[in-house]
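Engineer: sequence first, then the predicted structure:
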Amino acid sequence: MSKTYNVAVLVGSLRKASINRKLALALADLAPANLKLSIVEIGDLPLYNEDIDVEPAPATYSRFRAEVKAADAVLFVTPEYNRSIPAPLKNAVDVGSRPYGQSAFSGKPAGVVTASPGAVGGFGANHQLRQALVFLDMPLLQQPEAYLGGAGNFFDESGTLSDSIKPFLQKFIDAYAAWVEKTAKS
C-alpha cells in the first residue's frame, strides 16, 4: 500500500472567488489517491517583522508554520501581480522560513502553478518564486512547467472546470504526485 502524502497548498490570491483558489481546488479534485491537498490560509499573517517574531510568536505565525511543517510537500498556486509574486504569498514565504535555521519549508518537495487571465500566465511570478524556493532548499518539480494564460476561461459561471484545461492539469498533478513520492522525506 502506498503512502498518502499531505500537501500544503499556498494560494497567492486572497480573493475567495479567485481563479487561483478555484485552480487549487480543482487540482485537489484531480489529485491521485496518494496526495491529499489542503489549502493553508495566508491572509491572516501579519507582515513579517522580526520585532514581533519573539517567544511567544504571533499565533498566526505559529499556526502557519505548524501546518506547513506537518505537510510532506508544498504546492504554490498563484497569480502574478506587477510581474512579481503577490505580497501575501511573499510574506507567507518569509514567515515560514523564519526564524533563521528553522524553516518550515526546508526539504519539502515543491510545485508551482501560476495562472492569469492575461496571455503570459504568470511567468514572472513563477520564476521569482522558483528563485526563493531554491534558497529554501525545496526540491522543485521542473516539468511540466505551469504558466496558465487565459485563466479567466477555465471555469464556467457555476464554477465547473473547463474540459479544455483538465488534461493539462491532470498531467501536472500526476507528475507532481510522482515527484513528491520520489523526493519526500520518509
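Structural biologist: Arrived safely, thanks for sending.
Engineer: what are the phi and psi values at the residue lying farthest from the centre of the chain?
Structural biologist: Distance to the chain centre peaks in the chain at Glu55, reaching 27.6 Å (criterion: CA atoms, centre = their mean). With angles defined as degrees, to the nearest 10, Glu55 sits at phi -70, psi 130.
Engineer: where in the protein is pLDDT low?
Structural biologist: Along the chain, segments meeting pLDDT under 70 span 1, 186.
Engineer: quick one, strands of it?
Structural biologist: Secondary structure of the chain (DSSP state E): strands located at 5-11, 35-39, 73-78, 110-115, 147-148.
Engineer: what is the end-to-end distance of stretch 156-172?
Structural biologist: Stretch 156-172 has an end-to-end distance of 21 Å (CA to CA, to the nearest Å).
Engineer: tell me the buried residues in that stretch?
Structural biologist: For stretch 156-172, the neighbour count (16 or more other CB atoms under 10 Å) marks 161, 165, 169, 172 as buried. Using the backbone N, CA and C atoms, a C-beta is placed for each residue, glycine as well.
Engineer: I'd say the third one and Ala24 touch.
Structural biologist: No - at 10.7 Å, Leu169 and Ala24 do not qualify as touching, with contact defined as CB atoms under 8 Å.
Engineer: how near is the closest residue to Pro32 other than its chain neighbours to Ala8?
Structural biologist: Using CB to CB, 6 or more residues apart in numbering and skipping the chain neighbours, the partner closest in space to Pro32 is Ala177 (4.8 Å). Distance, Ala177 to Ala8, using CB to CB, to the nearest Å: 15 Å.
Engineer: the more surrounded of these two?
Structural biologist: Ala8 (24 against 21; other CB atoms under 10 Å).
Engineer: contact partners for that one?
Structural biologist: For Ala8, the contacting residues are 38, 40, 67-68, 70-71, 73-75, by CB atoms under 8 Å, 6 or more residues apart in numbering.
Engineer: cool, Arg83 as well?
Structural biologist: Listed by CB under 8 Å, 6+ apart, the contact partners of Arg83 are 124-125.
Engineer: let's see that with 6 Å instead.
Structural biologist: Gly124 (CB atoms under 6 Å, 6 or more residues apart in numbering).
Engineer: so which residues of this structure form helices?
Structural biologist: Using DSSP state H, the helices of the chain run over 19-30, 59-70, 87-96, 123-135, 166-183.
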